[in-house]
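Undergrad: make a model of this:
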Amino acid sequence: MAIKEKIKQLRQEKNWSQAQLGSKMRIHQKQVSAYERGRNIPSTEVLMKLADVFDVSLDYLASEAQGKPAKVNIKDKELLRRLEDIDRLSDKDKGTILEILDTFIMKNKFQNLAVQKEI
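TA: The predicted model follows:
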């Protein structure tokens with residue numbers, strides 16, 4: 001299943017309108033519509049927000065049913081090179097790196113929440 005179909009399916013399972021999803025994502029309803037029609041492909045940042053809002057894994061959103069990865073737009077070439085290097089590591093080493101990344105991501109989410117509450 002393509003990303004556009006997954007977004008639409010997950011939104012409908014929650015009984016949310018495109019406007020409601022847009023509000024939760026802090027994007028316009030027209031952008032949600034463009035993702036669902038396949039006119040635009042969500043950036044990595046948007047995919048991460050979608051995974052969080054829908055409470056699914058980023059892997060679920062970014063992978064196709066046939067096992068082909070969906071297109072993810074990573075503009076930072078150095079980050080992309082490092083991710084490719086990580087992909088060649090052993091499963092044990094990848095697991096360690098993912099745990100470290102998860103820790104940093106969670107820390108960042110908590111910091112963002114704290115800043116939002118201060119506003």
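Undergrad: mean confidence score for the helix ranked longest in the chain?
TA: Identified as the longest helix of the chain according to DSSP state H is helix 91-118. Across helix 91-118, the average pLDDT comes to 85.
Undergrad: what residues sit buried inside it?
TA: By 16 or more other CB atoms under 10 Å, helix 91-118 has no buried positions at all. Any C-beta I mention is one placed from the backbone N, CA and C, and that applies to glycine too.
Undergrad: name the helices or strands packed onto it?
TA: helix 77-87 (3 or more CB pairs under 8 Å, 6 or more residues apart in numbering; DSSP states H and E).
Undergrad: next, the angle from the helix it packs on to helix 91-118.
TA: With axes from the mean of the first three to the mean of the last three CA atoms, to 10 degrees applied, the angle from helix 77-87 to helix 91-118 works out at 140 degrees.
Undergrad: for helix 77-87, name the packing helices and strands.
TA: Partner elements for helix 77-87 (3+ CB pairs under 8 Å, 6+ apart): helix 91-118.
Undergrad: could you report the separation of residue 25 from residue 99?
TA: 27 Å (CB to CB, to the nearest Å).
Undergrad: with residue 106 instead?
TA: From residue 106 over to residue 99 the distance is 11 Å, taken as CB to CB.
Undergrad: fine by me, thanks again.
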